[in-house]
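> build me a model from this:
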Amino acid sequence: MSQDGPPRPAWTSADPGAAPAGQWREWLDSVELPSALDGDSEQVLVVSAHPDDEVLGAGGFLHDAVAQGIGVTVLCLSDGAASHPGSPTVTPEALAGIRRAELTTALSALGVNRTIHHELPDGGLDRHGDAIAEAIDTAVAAYGGHSLIVSVWRADRHPDHEAVGHAASAVASRLGIALLEYPVWMWHWARPGDEAVPWARARRHRLSPAAVEAKKRAVHAFVSQITDLSDDPADRAVLEPHVLDRLTGPTETFFS
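Next up is the predicted model:
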């Protein structure tokens, strides 16, 4: 979940349009949504823009899919190097290596051991649409083929997320395979029932108790994102506690 491109927004529950985690959970509990994990797919490809999107948006889904014997492959498109622009502590090149290692640790906590890394530029994925589509196409065919793509949402209001989501949608449509999309940034700009969100296409995954704990361990693997790198303002944590609170509840939401 890199804060790149435009200046970082201040992620606080007082921001216009932002609702606190408790309000989101109360509202989500009040609506009926079909299940996202139906068990029909033997192989699932999970696609992310940055190292941590897939864990934040779908970590419980990944864990429970693996627990049900479903093959899960994660495709991460960017190197994650732009999460701390101007950092005096770590170079973008070093940060890319750190985030790749963090992702490996996080996915291991979820039981996922098939990861395909691409190192397209963090913050510039919207300029690499063809390369993203080609990478997704190739990944779909890996490990004997995948019958479901689970991608970051194409309307998440982050240019990298949207570039990946649109490419995943195009590949799924062309290949005739199912697609689910998970939001990450939406929880920080939308409000419950927001008309900008396609709730009619929403599906829910209720995390098993084991998935809740595994997702917590996975999220805490992203040390570079959840803790300050130094006292310098450019090194502050990207994923502050109130941000994580919205992303680590007992359910995950997807759009079909």
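> how about Cys22, what does it touch?
No Cys there; residue 22 is Gly. With contact set as Cβ atoms under 8 Å, 6 or more residues apart in numbering, Gly22 has no partners. Using the backbone N, CA and C atoms, a C-beta is placed for each residue, glycine as well.
> pull the distance from the helix or strand hosting it to the chain's centre.
With the criterion set as DSSP states H and E, the secondary-structure element containing Gly22 is helix 21-30. On the basis of Cα atoms, centre = their mean, to the nearest Å, helix 21-30 is displaced by 20 Å from the centre of the chain it belongs to.
> Ser87 and Asp235 touch, don't they?
Yes: at 5.3 Å, Ser87 counts as touching Asp235 under the criterion of Cβ atoms under 8 Å.
> tell me, what's touching the two both at once?
Looking at what touches both Ser87 and Asp235 (by Cβ under 8 Å, 6+ apart), the common residues are Leu229.
> quick one: low-confidence residue ranges for the stretch 101-250 of the chain.
Screening the stretch 101-250 of the chain residue by residue with the criterion pLDDT under 70, one finds no matching range.
> can you show me the strands along it?
Defined through DSSP state E, counting those that start in this stretch, the strands belonging to the stretch 101-250 of the chain, from first to last, are 115-120, 148-152, 178-182, 202-206.
> now do the spatially most central residue of the chain, the pLDDT please.
What sits nearest the mean C-alpha location of the chain, by Cα atoms, centre = their mean, is Asp53, with 2.3 Å. The pLDDT attached to Asp53 in the predicted structure is 97.
> for it, give its distance to Leu77.
9 Å (Cβ to Cβ, to the nearest Å).
> cool, and Asp160?
In this view, Asp160 and Leu77 are 8 Å apart by Cβ to Cβ.
> kindly report the same for His84.
When Cβ to Cβ is applied, the distance between His84 and Leu77 equals 19 Å.
> so for those two, which sits in the more crowded spot?
Leu77 (31 against 27; other Cβ atoms under 10 Å).
> helix, strand or coil for the more buried one?
Secondary structure state of Leu77, per DSSP: H, G, I helix; E, B strand; the rest coil, is strand.
> which residues does it contact?
Leu77 makes contact with Val47, Ser48, Ala49, His118, Leu120, Leu125, Ile132, Ala135, Asp160, Val164 under the criterion Cβ under 8 Å, 6+ apart.
> looking at the residues you listed, which has the most residues close by?
Each of the contacts of Leu77 was scored by neighbour count (other Cβ under 10 Å); the top score is that of Val164, with 35 neighbours.
> excluding residues flanking it in the chain, which one is nearest that residue?
Counting by Cβ to Cβ, 6 or more residues apart in numbering, Val164 lies nearest to Ala49, which is 4.5 Å off, once chain neighbours are set aside.
> repeat that for Ala155.
Of all residues apart from its sequence neighbours, Glu162 sits closest to Ala155 (Cβ to Cβ, 6+ apart), at 6.8 Å.
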